[in-house]
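Participant: below are the sequence and a predicted model; questions follow.
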Amino acid sequence: MRVYNFAPGPSTLPLPVLERAAAEMTDVNGTGQSVMEMSHRSGAFKPIIEKAEALLRELMGIPANYRVLFVQGGGSLQFSMVPLNLGGIEPGAPKKKATYVETGIWSKKAAEEASKYLDAVTRASSKDRAYSYIPVAPAPAPDDAYYHITLNNTIVGTKWPSLPETGAIPLVADISSCILSEPLDISRFGLVYAGAQKNLGPAGTTVVIVREDLIGRAPSWTPALLRYDIYAAEGSMYNTPPCYGIYIIGLVLEWLKALGGPVAMAKLNHEKADLFYAYLDNSSFFRSPVEKSSRSLMNIPFVSTITDSGHRGELETRFVKEAEAQGLVNLAGHRLVGGMRASFYNAMPIEGVKALIAFMEKFEKSEK
């Protein structure tokens with residue numbers, strides 16, 4: 001029996017994609033070989049990577065003056081690549097600055113990593129209320145190299161309700177957990193990046209979309225595999241790329257296109273999130289810890305309303321265990337914040353949300 005997987009990442013993938021990948025495991029596109037065993041420089045793999053990029057450009061409306069790069073190392077590697085490529089300096093030169101807005105653990109990690117290469121200034125933070133809201137966007141400094149945000153915060157379940165205005169300063173965003181969940185105007189950004197394992201494909205591939213004028217700024221000492229200009233010049237194949245991950249991304253993009261693309265997904269994702277938030281807001285037993293103006297569509301943490309912390313912890317542990325027995329898996333909150341969390345990525349059908357609510361209603365009644 002296939003379960004409803006609410007994991008924050010690696011996360012659920014569309015069943016039709018998995019079934020097609022299984023059918024093509026030993027023979028893709030009539031080549032008589034698996035993607036996992038074909039040369040990345042062969043004529044067999046070239047149409048696979050080209051299709052993935054073309055579909056991504058079409059579905060996201062990526063302008064012609066932006067490059068699409070397929071990188072390894074996960075979204076966390078971009079915490080280093082962004083400052084190196086957009087704000088790195090030669091030895092002896094004064095440090096550059098960049099604005100960071102701290103809205104959760106990942107944005108905090110991004111700023112900490114960037115501080116190794118430049119002056120990463122945290123100009124706003126929502127840490128004062130456990131990252132339960134998105135702060136007012138601060139203005140960038142006129143000499144900032146870039147302005148970094150995490151568009152959707154997977155752990156705490158918040159999302160920027162609107163993009164900050166940064167003027168001539170390039171806006172950079174981690175969009176790992178919300179890519180293709182709804183339309184996004186790429187022209188508003190200098191660079192976006194996304195680890196594939198949340199909403200795009202399997203773990204091991206990261207998509208970077210970068211405006212061409214921002215490429216080629218890395219200092220000479222930057223390692224080759226950390227330079228955007230190397231990836232751009234070599235078509236993401238300076239070394240062997242994550243071939244199978246790129247293949248699966250292509251299948252996911254085909255699936256998404258057939259459903260109507262980001263516009264159709266936005267409608268469905270709002271329906272799923274609205275249904276779940278409505279239940280939480282009307283429950284006397286569960287609640288959302290996130291301010292309504294900042295709520296995520298993709299990741300929804302929730303906690304018990306019980307005030308006794310010991311009893312609450314025992315109850316939430318039992319909730320996760322009993323839910324798993326009913327085929328509702330990976331509902332435990334992040335280890336740093338506790339509670340529960342349901343991730344409703346594109347591949348999660350609305351039936352899964354309804355099944356979760358039905359279980360929560362039953363669990364709530366059994367505890368009263």
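Facilitator: Sure, I can see it.
Participant: low-scoring stretches of this structure, by residue?
Facilitator: 308, 310, 368 (pLDDT under 70).
Participant: could you list the domains of it?
Facilitator: 15-259, 260-366 (automatic domain parsing).
Participant: let me know which of the ones you listed is the nearest to Ala7.
Facilitator: Ala7 sits nearest to domain 260-366 of all the domains of the chain, at 3.6 Å, using Cβ to Cβ. (Glycine included, C-beta is placed from N, CA and C.)
Participant: gap between the two ends of the closest one?
Facilitator: From its first residue to its last, domain 260-366 covers 41 Å (Cα to Cα, to the nearest Å).
Participant: ok, now which ones touch the spatially most central residue of the chain?
Facilitator: Central residue of the chain (Cα atoms, centre = their mean): Ser176, 1.6 Å from the mean position. Counting by Cβ atoms under 8 Å, 6 or more residues apart in numbering, Ser176 makes contact with 9, 75, 152, 154, 193-195, 198-199.
Participant: could you pull out the helices for this structure?
Facilitator: For the chain, the helices defined by DSSP state H cover 15-23, 46-60, 74-87, 105-114, 228-233, 243-259, 261-282, 309-325, 350-366.
Participant: list the contacts of Asn346.
Facilitator: 14, 180-181, 199, 256, 265, 268-269.
Participant: my read: Lys114 touches Ser76, true?
Facilitator: Quick fix: residue 114 reads Ala, not Lys. No. Ala114 is beyond contact range of Ser76, at 12.0 Å (criterion: Cβ atoms under 8 Å).
Participant: those two: which is more packed in?
Facilitator: Between Ala114 and Ser76, counting by other Cβ atoms under 10 Å, Ala114 is the more crowded of the two (24 against 15).
Participant: do you know how far Ile105 is from Ser343?
Facilitator: Here Ile105 is placed at a distance of 16 Å from Ser343 (Cβ to Cβ, to the nearest Å).
Participant: so which of the two has more stuff around it?
Facilitator: Ser343 (24 against 18).
Participant: tell me who's in contact with that one.
Facilitator: Contacts of Ser343 (Cβ under 8 Å, 6+ apart): 6-9, 11, 154, 177, 198, 298-300, 330.
Participant: and for Phe285?
Facilitator: Per Cβ under 8 Å, 6+ apart, neighbours of Phe285: 304-305, 364, 367-368.
Participant: next one: phi and psi at it?
Facilitator: When quoted as degrees, to the nearest 10, the phi and psi of Phe285 stand at phi -120, psi -30.
Participant: from Gly352, how far off is it?
Facilitator: 21 Å.
Participant: kindly report the same for Leu275.
Facilitator: Leu275 is 11 Å from Gly352, by Cβ to Cβ.
Participant: next: Ser132.
Facilitator: Ser132 is 25 Å from Gly352, by Cβ to Cβ.
Participant: Ala347: neighbour count?
Facilitator: 19.
Participant: swap in Asp128?
Facilitator: 9.
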